[in-house]
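Visitor: next input, structure requested:
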Amino acid sequence: MTDHDLAGSARRRRLVGGALVAAFAVVLIAIVVVRSNGEKVLNENGETLVLVGKDSATDEVGLDGQLTDVGGCLGISADGKGRGGMVVIWPHGTTVKTPDPLRITVAGTTYGIGDTIEIGGGGIGPLEPSSHFYDKVPDGCRTAKVFVASNG
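Guide: Residues are numbered from 1 along each chain as shown. You can find the predicted model right below:
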């Protein structure tokens, strides 16, 4: 083999290796996206986690109260201190506007801790171990009642 053939062979191996790495990365990203089902935890480095769901609630009831930390997750309680409150799984598209102090934007409106809010949706009880969120939240959040907010 000539030096030219060896250089071409090494170049082809690098190209094939790079293509395999790129293909593996695409498959891995696809698996993560499919596994998460569009559900995500926002503000992971903050004191209060924000749970965002992929689906809207099937039952439509109203929930109103003050935005507060309920067991380590963002929720709503009547007293604004989390006692007797419900963790909220916010609708798809909810974003964290600022992490400290925590402010979220839901359907184009921004709310902060202590703000009074009224949302529609439905209660589902505590998080189930099969929930996408279960292993990502503190125990206080797992055992609290959960309300799934609707997009409307």
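
Visitor: touching stretch 72-87 from outside, list them.
Guide: 43, 47-51, 63-71, 88, 90, 102, 104, 114, 117, 119, 123, 127, 137-138, 140-141, 144-147 (Cβ atoms under 8 Å, 6 or more residues apart in numbering). From N, CA and C alone the C-beta is placed, and that goes for glycine too.

Visitor: got a ChimeraX select line for the buried ones in those residues?
Guide: Entered in ChimeraX, the line below selects the buried ones among the contacts of stretch 72-87, by 16 or more other Cβ atoms under 10 Å:
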select :43,48,49,50,51,63,65,66,67,68,69,70,71,88,90,102,104,117,119,127,137,141,144,146,147
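
Visitor: domains of this structure?
Guide: 1-36, 40-149 (automatic domain parsing).

Visitor: how far does the longest one sit from its chain's centre?
Guide: This means domain 40-149. In terms of Cα atoms, centre = their mean, to the nearest Å, the centre of domain 40-149 is found 10 Å from the chain centre.

Visitor: which one of the domains of the chain has the lowest average pLDDT?
Guide: Lowest mean pLDDT of the domains of the chain: domain 1-36, a mean of 47.

Visitor: wait, a helix at residue 146?
Guide: No. Checked against DSSP: H, G, I helix; E, B strand; the rest coil, residue 146 lies outside a helix; its state is strand.
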